[in-house]
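Visitor: coords below, sequence missing:
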Ligand code: GLY
């Protein structure tokens, strides 16, 4: 119990309970009052409620303290939130290699406090899409064997040299910095904390060491063993771990600029290694890669404005769909963690994820009916068959705008090598002027494809698995997706990443997001509802237990000890199938690195998620 309490940031104090066998103290009244007031201030029991880190000016919260500090360093040198975000993202490559990366891609939501909106709100919002792209040699059926079955193991969309899309992180960070950075810090400046951490080494944490011990994919590739092991054993907790090749890569990027990754020595090393080992990415693919800006999606929820990520992420659309579906209900009155609330949320989740499976994809390659999917009338009609007493079987839920796909009936689960991890990582940043960043990026599975490019320290993604390898066959997250998301050269695979900004009365109040594959969207939904419906603080909203449902499989998962036995019984009686998250898929859901801004005091509250041992909010 003490262990669980500690993990959740709570302290277990056996001494705080009244023991009737103890004699009452006989103190003079004034002394008693004095002691009582000292107790009120210093009692560990009264400090047991976890609170967010508070700061007046700037705040960074990420999955690793050293990366948060890299961002803080930029803020304190006069940089803005974008400068800090880029430094944090680059530093995570070194200290959080399970998901932090320059070998993957992601999405950045930026809020500029000044700058003319035209959006009816002070400031301006920008969505930077630096999702990976399929290489030019990629084909629709590239992951099918001669028998027409989806391949597993090396050569598949999950493991090894053929699993990677063209990385977008360096291009995305460079675009953000160049267009929206303060201008006071250079590209070389924001790369420096990452270079330094790689060159000097950092102390391996218990969580990193545990992740490495479980990284069966890394153990399959010689260069990964060279980087992630010492003398044939993965780096251990307490070791100082230098990454000289990665330091040299950052030094090249500092000297030559970000295009070096796509055109210089780094690009040549990636292309050469790919050619040697049967990978698809060529120099031409790297030279052609561009991060792009997209128009953010705007929605509302109970007088709050929600600004979130458009396709090729499904995150924003599905989040806004679910918020619209639950808004007519008095969620606060249903009660936090109640069976009634979880029933409502699950029914919204299964309907929204049904639409995700059918319609969502890279909008540059497939028409995505965004406006129709977000139409309020449509979303109300979607819930007309909601029964407060009974679960709707997922098999009975149709895509709301009519079917596109031949068949999304699931086949039996594939046994996938990287299925043990729901990685990706999210960080949130705000500066003194109120500029803010919500950034989610990923290698896809934990430690991506397992491949490190020789001589660079760059770990590559296995993002190709986010495409539809074959209609009707689940990907590593158990997701069914349609032909709209099938593989094509230059196309971006559908994502669930949901970096999100929440405004009230035109003022930014929340910056949030999470890792976790498809669970990302439901984690963000619950954090936002916790704040708006249940009036929880940022720390409470992030810490509260979470559930997940994704249409197929027709199962509601919950975190270990996250639902009481009576609540589970009530949900089962309504017809839900429940499953406690196991360590196989992570006993906990997400890592909601979140910042809230108090509209009255303007104080920033950084809530690092207690589910991640190394996560830390730092501010000044
Ligand atoms: N790779 C996980 C996602 O983009 O949703």
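Guide: Yes, it's here. Just so we're clear, the structure is a prediction, and the values are computed from it rather than from any experiment. Numbers count the residues shown, from 1 in each chain.
Visitor: Quick check: residue 277 touching residue 164?
Guide: No. Applying Cβ atoms under 8 Å, one finds residue 277 not in contact with residue 164, separated by 10.9 Å. For glycine as for every other residue, the C-beta is placed from the backbone atoms N, C-alpha and C.
Visitor: Please identify every residue contacting each of those two.
Guide: residue 451 (Cβ atoms under 8 Å, 6 or more residues apart in numbering).
Visitor: Compute the number of surrounding residues for the residue of the stretch 501-620 of the chain found nearest the ligand.
Guide: Closest residue of the stretch 501-620 of the chain to the ligand, Cβ to the nearest ligand atom: residue 517 (5.2 Å). Neighbourhood size, residue 517 [other Cβ atoms under 10 Å]: 27.
Visitor: How about the contacts made by the residue nearest to it when sequence neighbours are not counted?
Guide: Closest residue in space to residue 517, ignoring its immediate chain neighbours: residue 477 at 3.9 Å, by Cβ to Cβ, 6 or more residues apart in numbering. Listed by Cβ under 8 Å, 6+ apart, the contact set of residue 477 reads 422, 517-518, 550.
Visitor: repeat for residue 438
Guide: 108-109, 426, 428, 499-501, 511-513.
Visitor: Please repeat the previous calculation with a cut-off of 7 Å.
Guide: Contacts for residue 438 (Cβ atoms under 7 Å, 6 or more residues apart in numbering) come out as 109, 428, 499-501, 511-513.
Visitor: Shouldn't it be within a helix?
Guide: No. Residue 438: not assigned to a helix; according to DSSP: H, G, I helix; E, B strand; the rest coil it is strand.
Visitor: got the contact list for the nearest residue to it once chain neighbours are set aside?
Guide: Excluding the flanking residues, the one nearest residue 438 by Cβ to Cβ, 6+ apart is residue 499, at 3.6 Å. If a contact means Cβ under 7 Å, 6+ apart, then residue 499 has 107-109, 309, 426, 438-440, 513 as its contacts.
Visitor: switch the cut-off to 10 Å
Guide: Counting by Cβ atoms under 10 Å, 6 or more residues apart in numbering, residue 499 touches 106-110, 127-128, 296, 307-309, 313, 315-316, 426-428, 437-441, 511-514, 520, 524.
Visitor: any idea how far residue 306 lies from residue 498?
Guide: For residue 306, the distance to residue 498 equals 10 Å [Cβ to Cβ, to the nearest Å].
Visitor: which residues do those two both contact?
Guide: Between them, residue 306 and residue 498 share the contacting residues 316, 319, 524, judged by Cβ under 10 Å, 6+ apart.
Visitor: before we move on, back to that, compare residue 277 and residue 164 and say which is more crowded by neighbours.
Guide: residue 164 (29 against 16).
Visitor: Distance check, the closest residue to the more buried one other than its chain neighbours against the ligand.
Guide: Leaving aside its sequence neighbours, residue 164 sits nearest to residue 460 (Cβ to Cβ, 6+ apart; 4.4 Å). Between residue 460 and the ligand the distance, using Cβ to the nearest ligand atom, to the nearest Å, works out to 13 Å.
Visitor: quick one: residue 460 from residue 194, how far?
Guide: In terms of Cβ to Cβ, residue 460 sits 17 Å off from residue 194.
Visitor: Next: residue 65.
Guide: 15 Å.
Visitor: who's more crowded, the two?
Guide: When neighbours are counted by other Cβ under 10 Å, residue 65 and residue 194 differ, and residue 194 comes out ahead with 31 against 19.
Visitor: Which SSE is immediately downstream of the helix or strand harbouring the more buried one?
Guide: Taking DSSP states H and E as the criterion, residue 194 maps to helix 187-200. Tracing the chain C-terminally past helix 187-200 and defining elements by DSSP H and E, one meets strand 202-203 next.
Visitor: Name the single longest helix found in the protein.
Guide: Identified as the longest helix of the chain according to DSSP state H is helix 339-359.
Visitor: Following it in sequence, what is the next regular element?
Guide: helix 370-373.
Visitor: Which positions within stretch 143-161 qualify as buried?
Guide: Buried residues in stretch 143-161, counted by 16 or more other Cβ atoms under 10 Å: 143, 150-152, 154-161.
Visitor: Please read the previous query as pertaining to stretch 178-197.
Guide: Quick answer for stretch 178-197 (16+ other Cβ under 10 Å): 180-182, 185, 187, 189-197.
Visitor: What pLDDT does the model give the residue nearest to residue 438?
Guide: pLDDT, residue 499: 99.
Visitor: Relative to residue 308, how far out is it?
Guide: Taking Cβ to Cβ, one finds residue 499 at 7 Å from residue 308.
Visitor: Identify the contacts common to those two.
Guide: 107, 109, 127, 296, 315-316, 438, 512-513, 524.
Visitor: Which of those residues fall within strands?
Guide: 107, 109, 127, 438, 512 (DSSP state E).
Visitor: circling back: please pick the buried ones from the contacts of residue 499.
Guide: Going by neighbour count (16+ other Cβ under 10 Å), the contacts of residue 499 have 106-110, 127-128, 296, 307-309, 313, 315-316, 426-428, 437-441, 511-514, 520, 524 buried.
Visitor: Give the helix, strand or coil label for residue 272.
Guide: Reduced to three states by three-state DSSP, residue 272 is helix.
Visitor: returning to what we had before: so can I have JSON lines of the buried residues of stretch 178-197 showing pLDDT?
Guide: Output for the buried residues of stretch 178-197, formatted as JSON lines (pLDDT from 0 to 100):
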{"residue": "180", "pLDDT": "98"}
{"residue": "181", "pLDDT": "98"}
{"residue": "182", "pLDDT": "97"}
{"residue": "185", "pLDDT": "98"}
{"residue": "187", "pLDDT": "98"}
{"residue": "189", "pLDDT": "98"}
{"residue": "190", "pLDDT": "99"}
{"residue": "191", "pLDDT": "99"}
{"residue": "192", "pLDDT": "98"}
{"residue": "193", "pLDDT": "99"}
{"residue": "194", "pLDDT": "99"}
{"residue": "195", "pLDDT": "99"}
{"residue": "196", "pLDDT": "98"}
{"residue": "197", "pLDDT": "98"}
